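any chance you can model this:
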Amino acid sequence: MMTNNDIFKKLRVALMLRDDQIVEILELVDFRITKSELGAFFRDEKHENYMECGDQVLRNFLNALVIHLRGTKENPKNPNDVLAKHKAQIPAKEGSKDRPEFKAKPRDEEKSRGDEAPSKSRPATKNTSKKQYPKGNSKVQVVEKVKFNFGKNKKS
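A predicted model of the protein is given here:
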């Protein structure tokens, strides 16, 4: 069963909110909380300053979050615009401008293309390193020429 702290943590991560933003959101419903009190909710359960998030805090946060994302009846907002603004406020990591995002290349580009069949442009190469087996036995030998002594010492 998920605790209030788990719900609070998941909302914080999903909405990409910082502690100061959460404090501002809670002030929309006149609920005052400090950053240190808020940080106690996100600590590990074994930490000495860990505090359980009460129902009142979570209820006020959810009500304030609705106002923050949707706005009021008199002044409505588009939630997607609010979320895009949060993404824009996240500081970029150092070095991210110099280096493009790393993406591992697949080993065999022809096999990894799920949307197309492999092209016939390259000739098929025969792998000669595999040991050939008689018909009916399609087993591939993984380990060759290894002698196991099962912990027994060699004769001296």
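
so, low pLDDT: which residues of this structure?
Residues of the chain meeting the criterion pLDDT under 70: 90-148, 154-156.

and the lengthiest helix in it, what other elements does it pack with?
For the chain, the helix with the greatest residue count under DSSP state H is helix 55-70. If you count contacts as 3 or more Cβ pairs under 8 Å, 6 or more residues apart in numbering; DSSP states H and E, helix 55-70 packs onto helix 4-15, helix 19-27, helix 79-89. Glycine gets a C-beta too; all of them are placed from N, C-alpha and C.

which residues are contacting whichever helix or strand comes after the second one?
Spelled out, that is helix 19-27. Next helix or strand after helix 19-27 toward the C-terminus (DSSP states H and E): helix 35-41. Applying Cβ atoms under 8 Å, 6 or more residues apart in numbering, the external contacts of helix 35-41 come out as 5, 8-9, 19-20, 22-23, 49-53, 57.

just the CA trace of helix 35-41, in CSV.
C-alpha atoms of helix 35-41 as CSV (Å, rounded to 0.1, in the frame of the first residue of the first chain):
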residue,chain,number,x,y,z
LYS,A,35,11.4,24.0,2.9
SER,A,36,13.0,22.1,5.8
GLU,A,37,9.6,20.7,6.9
LEU,A,38,9.0,19.7,3.3
GLY,A,39,12.4,18.1,2.9
ALA,A,40,11.6,15.9,5.9
PHE,A,41,8.9,14.2,3.8
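
in that helix, which residues are buried?
38, 40-41 (16 or more other Cβ atoms under 10 Å).

hey, which of the helices and strands packed on helix 55-70 is tucked in deepest?
With neighbours taken as mean count of other Cβ atoms under 10 Å, the helices and strands packed on helix 55-70 reach their highest mean count in helix 19-27, at a mean of 16.

next, the angle helix 55-70 makes with that helix.
Computed with axes from the mean of the first three to the mean of the last three Cα atoms, to 10 degrees, the direction of helix 19-27 lies at 90 degrees from that of helix 55-70.

keeping just the C-alphas, turn helix 19-27 into CSV.
Taking Å, rounded to 0.1, in the frame of the first residue of the first chain, the C-alpha atoms of helix 19-27 are listed here in CSV:
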residue,chain,number,x,y,z
ASP,A,19,10.9,22.5,-3.0
ASP,A,20,10.4,26.2,-3.4
GLN,A,21,7.8,25.7,-6.1
ILE,A,22,5.9,23.3,-3.8
VAL,A,23,5.9,25.9,-1.0
GLU,A,24,4.5,28.5,-3.4
ILE,A,25,1.8,26.1,-4.6
LEU,A,26,0.8,25.3,-1.0
GLU,A,27,0.4,29.1,-0.3
